[in-house]
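In: Provide a 3D model corresponding to the input given below.
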Amino acid sequence: MTVLPDDGLTLASEFPEAPHEQWQHLVAGVLRKSGKEVSGDAAEDALSTLLEDGLDVRPLYTAATARETAPETGLPGFAPFVRGGRAEGNTLGGWDVRQRHLAADNDLVLADLENGVTSLWLGAGGTGIPVSSLPKVLDGVYLDLAPVVLDAGDETAAAAELLFGLYEERGVADDAARGNLGADPLGHEARTGRPAYDLASVTGLARRCADRYPGLRALTVDALPYHEAGGSAAQELGCSLATGVAYLRGLTEAGLSVAEACAQLEFRYAATADQFLTIAKLRAARRLWARVAEVCGAPDAGAQRQHAVTSTVMMTRRDPWVNMLRTTVATLAAGVGGADSVTVLPFDDALGLPDAFARRIARNTSTVLIEESHLSRVIDPAGGSWYVERLTDELAHAAWEFFQVIERAGGQEAALRSGTVGERLAETWAARSRKLATRREPITGVSEFPHLTEKPVERTPAPAQPAGGLPRVRRDEAYEALRARSDAHLAATGARPRVYLAALGPAAAHSARLSFAANLFQAGGIEPVTEGTFEESGAREACLCSSDALYAEQAGTAAAELRAAGAEHVLLAGRPGDHPGVDSYLFAGCDAVALLSTALDRMGVS
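Out: Numbers count the residues shown, from 1 in each chain. Sure, this is the predicted structure:
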């Protein structure tokens, strides 16, 4: 009789360890059944996924993999700060729940603070909150308890002076002031295309904060303009590094030490529904900035302060309720990745100013993850994951490479003005747009499982965002344009453009492709009709749906019958083949956007 150690978890130790090659052999057997004759490393490669920036997600990670690739990550609060910028992480109460306000509404500000929000992000100046209204907006706010982060563009100096005045007027102790004045001249230029103010004009604010307000930072390194222009994770990080380095140069030239200059910066990143990439991005960002601080001679000052914001690129205008799920995953990723502050954009953010329900859901997203899921109780919960550690390392290298491209171009300012940054971001977005158009990157509720009869969600228009610089993109934009054409047709004629889905054979033969076709057509605002005859459908086009075997037997005859019944165009849900009478084909990986746009053109939908 074998006596097992009394640890309660020893059963697996009784089995011999399976070698990596044995696993690959089993994978090859499964792939063989699907028609792929591969073996060994090729079998493993067949299950890998290529991400942007050349990152390769493998199907299996092991301790050996981690030892080969991942560098030493250290401990939280110590260089290279991969595991967190503070030794205690967010364990003392969770991350800072920071909500954004674009309207001068004191009631909304107080409601947020009374219901879980711990800091305020105020979009002031321009079409946002008038700078002169800041005292009114902050009426009743305890400025020694609720940090204020300004985002005032070229009115930063005026907004900062007003905030300083409020500190004086309300008797806020210098060391109790918290937040950020939001100076970000390069970020503002990226947004607007014009250098409205330079770094020299805000170095005085940084000196003032360093000398008098130890808890107040003067500058924000906002990477959102690059993410929102379609940039990849590595490009977002590379631009943030280049911007941060530019600010370090300016601040140290103005007399601040490297450590003082680092303490004046807060970095803002996008958090997306790709949870592992977001986790890796925040961890890689800290490692990269620690390297910059080390090279500049202040390794102990390299703890990057991070503000994560749920991505606007991923937010959809159709079926916006799904955005609640996207922002929940993004917030989880930001928390696990170690963000110091997190802003959850309301689910209706893409539609205008959020209503009270949307704001409540947004702030409660963080509350549930902190208080009920206990996500902040562990520092760097993803640390040690072989996958996360390798992804962090690979992303850091890709970002550093892009950072060097920018530096070789003369730095962030020169790279922006020469178009280097814009061109590289546009290339990345063009490649991603192809994935979106072919539905290789699905958008739930838009390109997948669209709800054609949904009731539109209407909101008060939000203030116009700064424009003139880098573009702002959204994943749903191509499909949104198609749906808008369908909506206009519905308003003008009382009916949506229609297509008749002709199912051939029993349900077992046609159900999968029938669902596939219906899903695809609805993504473009075209109503699929499956009941009755073609003549009764009110459609001008028809699509055959069945199995390959039945297509070989019946497609030609069915197409001829549909044409005789009045069909002007006949499609087939399946791979292109030799089917008489069939004009177009729908298949996985086809350019759905181009196909749908052409179909709308044929149907007379402008």
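In: neighbours around the nearest residue to Val322 once chain neighbours are set aside, how many?
Out: Take Val322 and drop its neighbours on the chain: the residue closest to it by Cβ to Cβ, 6 or more residues apart in numbering is Gly445, 4.4 Å away. The way it works is simple: take the backbone N, C-alpha and C, and place the C-beta from them, glycine included. Counted with other Cβ atoms under 10 Å, the neighbours of Gly445 add up to 22.
In: who are the neighbours in contact with Gly445?
Out: With contacts defined as Cβ atoms under 8 Å, 6 or more residues apart in numbering, the neighbours of Gly445 are 316, 318-319, 321-322, 451.
In: repeat for Ala157
Out: Here Ala157 is in contact with 197, 201-202, 205 (criterion: Cβ under 8 Å, 6+ apart).
In: shaky segments in this structure?
Out: Within the chain, the stretches with pLDDT under 70 are 1-13, 66-70.
In: spatially nearest residue to the residue positioned nearest the centre of it, not counting backbone neighbours?
Out: The residue lying closest to the centre of the chain (Cα atoms, centre = their mean) is Thr272, at 3.0 Å. With sequence-adjacent residues excluded and distances taken as Cβ to Cβ, 6+ apart, Thr272 is closest to Ser311, at 4.5 Å.
In: which of the contacts of Ala157 lies closest to Ala558?
Out: Ala558 lies nearest to Tyr197 out of those, by Cβ to Cβ, at 67.1 Å.
In: contacts only, for that closest one.
Out: 154, 156-157, 185, 188.
In: tell me the SS of Ala290?
Out: helix (DSSP: H, G, I helix; E, B strand; the rest coil).
In: scratch that, Leu501
Out: Under three-state DSSP, Leu501 falls in the strand class.
In: surely it touches Leu520?
Out: No. Using Cβ atoms under 8 Å, Leu501 is not in contact with Leu520; the gap is 10.7 Å.
In: where do the contact lists of those two overlap?
Out: Counting by Cβ under 8 Å, 6+ apart, nothing touches both Leu501 and Leu520.
In: how far away is the residue lying closest to Asp144 once chain neighbours are set aside from Ala218?
Out: Nearest residue to Asp144 in three dimensions, chain neighbours excluded: Ala176, at 3.9 Å (Cβ to Cβ, 6+ apart). For Ala176, the distance to Ala218 equals 17 Å [Cβ to Cβ, to the nearest Å].
In: these two: who's more crowded?
Out: Per other Cβ under 10 Å, whichever of Ala176 and Ala218 has more neighbours is Ala218, with 28 against 16.
In: stretch 556-573: which residues count as buried?
Out: By 16 or more other Cβ atoms under 10 Å, the buried positions in stretch 556-573 come out as 558-559, 561-563, 567, 569-573.
In: likewise for stretch 481-492?
Out: Residues of stretch 481-492 classed as buried by neighbour count (16+ other Cβ under 10 Å): 482-483, 485-486, 489-490.
In: can the residues you listed go into TSV with extra columns for secondary structure and distance to Ala356?
Out: TSV is the format used below for these (DSSP: H, G, I helix; E, B strand; the rest coil; distance: Cβ to Cβ, whole Å):
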residue	secondary structure	distance to Ala356
Leu482	helix	32
Arg483	helix	27
Arg485	helix	33
Ser486	helix	31
His489	helix	34
Leu490	helix	30
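In: out of the residues you listed, which comes closest to Ala462?
Out: Of all the buried residues of stretch 481-492, the one with the least separation from Ala462 (Cβ to Cβ) is Arg483, at 20.3 Å.
In: for the closest one, which residues are in contact?
Out: Contacts of Arg483 were listed using Cβ under 8 Å, 6+ apart, and they are 318, 524-525.
In: re the thing from before, put the buried members of the contacts of Ala157 into a ChimeraX selection.
Out: Only the buried entries of the contacts of Ala157 go into this ChimeraX selection, using 16+ other Cβ under 10 Å:
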select :197,202,205
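In: one step back: turn the buried residues of stretch 556-573 into JSON lines, columns for distance to Pro461.
Out: Formatted as JSON lines, these follow (distance: Cβ to Cβ, whole Å):
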{"residue": "Ala558", "distance to Pro461": "49"}
{"residue": "Ala559", "distance to Pro461": "47"}
{"residue": "Glu561", "distance to Pro461": "50"}
{"residue": "Leu562", "distance to Pro461": "45"}
{"residue": "Arg563", "distance to Pro461": "47"}
{"residue": "Ala567", "distance to Pro461": "42"}
{"residue": "His569", "distance to Pro461": "39"}
{"residue": "Val570", "distance to Pro461": "43"}
{"residue": "Leu571", "distance to Pro461": "39"}
{"residue": "Leu572", "distance to Pro461": "43"}
{"residue": "Ala573", "distance to Pro461": "40"}
